[in-house]
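Peer 1: Show me the folded form of this:
(one chain, ligands or ions: 1)
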Amino acid sequence: MSQPFLKIEGLTKRFAGSGGAPDFTVFENIFFGIEKGEFACIIGHSGCGKTTILNVLAGLDEATEGGVVMGGREIAGPSLERGVVFQSHALLPWLTALGNVAFGVRSRWPQWSSKQIEAHSIRYLEMVGLGGALHKKPAELSGGMKQRVGIARAFAIEPKMLLLDEPFGALDALTRGTIQDELLSIVQATHQTVFMITHDVDEAILLADKVLLMSNGPYAKIAEIVEITMPRDRTRATVHHDPQYYRIRNHLVDFLVNRSKTYAGEQGDDPVHPPVVRPGLDGGAQVVPLAKTPTPSDQASPGPALRNASN
Ligand SMILES: Nc1ncnc2c1ncn2[C@@H]1O[C@H](COP(=O)(O)OP(=O)(O)OP(=O)(O)O)[C@@H](O)[C@H]1O
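Peer 2: Predicted structure coming up:
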């Protein structure tokens, strides 16, 4: 069987207890894979360890046990092969938007001329709608614009893997929607492989090919992998016209509200093969009228089909 592009195997994070307190296990035995060109979102309650997992993928933190293999090589430290966008934009305040993007591009391709670096950086800033703000410093940019610079900077180094930690979490709903659209079109054009943390179920359904659902900590784990089975050309304007949207949404909300607690510490299941779920497909389809706002009664069991993950 072929190996996924990114393979997470038996990842465990424990913190040693101080002053005689027992060790604290945030998560244990995390296994999942991401294929090249796939967009995976991870959702789970606060504190279950999502950022810790992303930091391990970025090479910024170490797991207590287990490892991560990308493109056949073990991840051991930060690399320009992985671009990271944090919730806070983390721009260099003394550089312009162009300077911030060019900084990463220069590190990635040190042999390039200044002209090449500038042209490449401008191309990515234009992609996120910042062609008119190239020479502004972070203090002169709005929150949404700063986050766009962060996204342009991460994409411009053309990483093999993009890691996004709630990149739109601090933005207002309108700006968030616009940047989601921009991200969607860039990802569709570049076939970028992405791992993204979000708390927003709708964002995950719009952007992801699959959603990893994490149970609550301590001893958090990947409880399910939900496939987003809607056509890839979905957009923010059309996604909720598809009845499948409600089935998936209800399944995700039901997990977060009702089931995420009971998965913690559950015995007898197979962490190497978390169940793969396709809500509403392969039997038990739940019929929800078009363009209907989900109600609590919609969140009753959508009858998902369960089968084992192959990675
Ligand atoms: N140095 C530390 N010592 C002990 N526990 C820690 C330490 N650093 C982090 N933790 C714990 O690790 C857990 C996971 O944190 P992490 O930030 O990865 O969670 P998260 O799922 O990303 O949360 P959020 O959604 O709120 O960002 C938390 O319970 C946190 O308290």
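Peer 1: and the stretch 101-250 of the chain, which of its residues are near the ligand?
Peer 2: Proximity of the stretch 101-250 of the chain to the ligand, by C-beta under 6 Å from any ligand atom, involves residues residue 217. Quick note: C-beta positions are derived from backbone N, CA and C, even for glycine.
Peer 1: Enumerate every residue touching the residue in the stretch 101-250 of the chain that the ligand sits nearest to.
Peer 2: Nearest residue of the stretch 101-250 of the chain to the ligand (C-beta to the nearest ligand atom) works out as residue 217 at 5.8 Å. Residues in contact with residue 217, defined by C-beta atoms under 8 Å, 6 or more residues apart in numbering, are 25-27, 47-49, 264.
Peer 1: check contacts around the residue nearest to residue 40 when sequence neighbours are not counted.
Peer 2: Leaving aside its sequence neighbours, residue 40 sits nearest to residue 34 (C-beta to C-beta, 6 or more residues apart in numbering; 4.9 Å). Residues near residue 34 by C-beta under 8 Å, 6+ apart: 4-6, 40, 161, 193, 195.
Peer 1: Would you convert those residues into a markdown table that also reports secondary structure?
Peer 2: Conversion of the contacts of residue 34 to a markdown table gives the following (DSSP: H, G, I helix; E, B strand; the rest coil):
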| residue | secondary structure |
| --- | --- |
| 4 | coil |
| 5 | coil |
| 6 | strand |
| 40 | strand |
| 161 | strand |
| 193 | coil |
| 195 | strand |
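Peer 1: Quick check: of these, which has the highest neighbour count?
Peer 2: Neighbour counts for the contacts of residue 34 (other C-beta atoms under 10 Å) peak at residue 195, which has 27 neighbours.
Peer 1: Might you report the residue contacts of it?
Peer 2: 6, 34, 40, 42, 54, 57, 161-164 are the contacts of residue 195 under C-beta under 8 Å, 6+ apart.
Peer 1: can you list contacts of the longest helix along the chain?
Peer 2: Secondary structure of the chain per DSSP state H: the longest helix is helix 173-190. Residues from elsewhere that reach helix 173-190, judged by C-beta under 8 Å, 6+ apart: 39, 127-129, 142-144, 147-148, 151, 155, 158, 167-168, 171, 192, 194, 203, 206-207, 232-233, 235-236.
Peer 1: at 7 Å what do you get?
Peer 2: Helix 173-190 has contacts (C-beta atoms under 7 Å, 6 or more residues apart in numbering) with 39, 127-129, 144, 147-148, 151, 155, 168, 171, 194, 203, 206-207, 236.
Peer 1: Can you mark which positions in that helix are buried?
Peer 2: Buried residues in helix 173-190, counted by 16 or more other C-beta atoms under 10 Å: 175-180, 182-184, 186-187.
Peer 1: now these as a markdown table including pLDDT?
Peer 2: Listed next are the buried residues of helix 173-190 as a markdown table, based on pLDDT from 0 to 100:
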| residue | pLDDT |
| --- | --- |
| 175 | 81 |
| 176 | 84 |
| 177 | 87 |
| 178 | 86 |
| 179 | 85 |
| 180 | 87 |
| 182 | 83 |
| 183 | 86 |
| 184 | 88 |
| 186 | 84 |
| 187 | 86 |
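Peer 1: Just the strands from the stretch 201-311 of the chain, written as ranges.
Peer 2: 210-214, 222-227, 275-278, 305-308 (DSSP state E, counting those that start in this stretch).
Peer 1: possible to save the ones you listed as JSON lines with mean neighbour count and mean pLDDT?
Peer 2: As requested, the strands of the stretch 201-311 of the chain are exported to JSON lines (neighbours: other C-beta atoms under 10 Å; pLDDT from 0 to 100):
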{"stretch": "strand 210-214", "mean neighbour count": "25", "mean pLDDT": "96"}
{"stretch": "strand 222-227", "mean neighbour count": "22", "mean pLDDT": "94"}
{"stretch": "strand 275-278", "mean neighbour count": "20", "mean pLDDT": "90"}
{"stretch": "strand 305-308", "mean neighbour count": "12", "mean pLDDT": "40"}
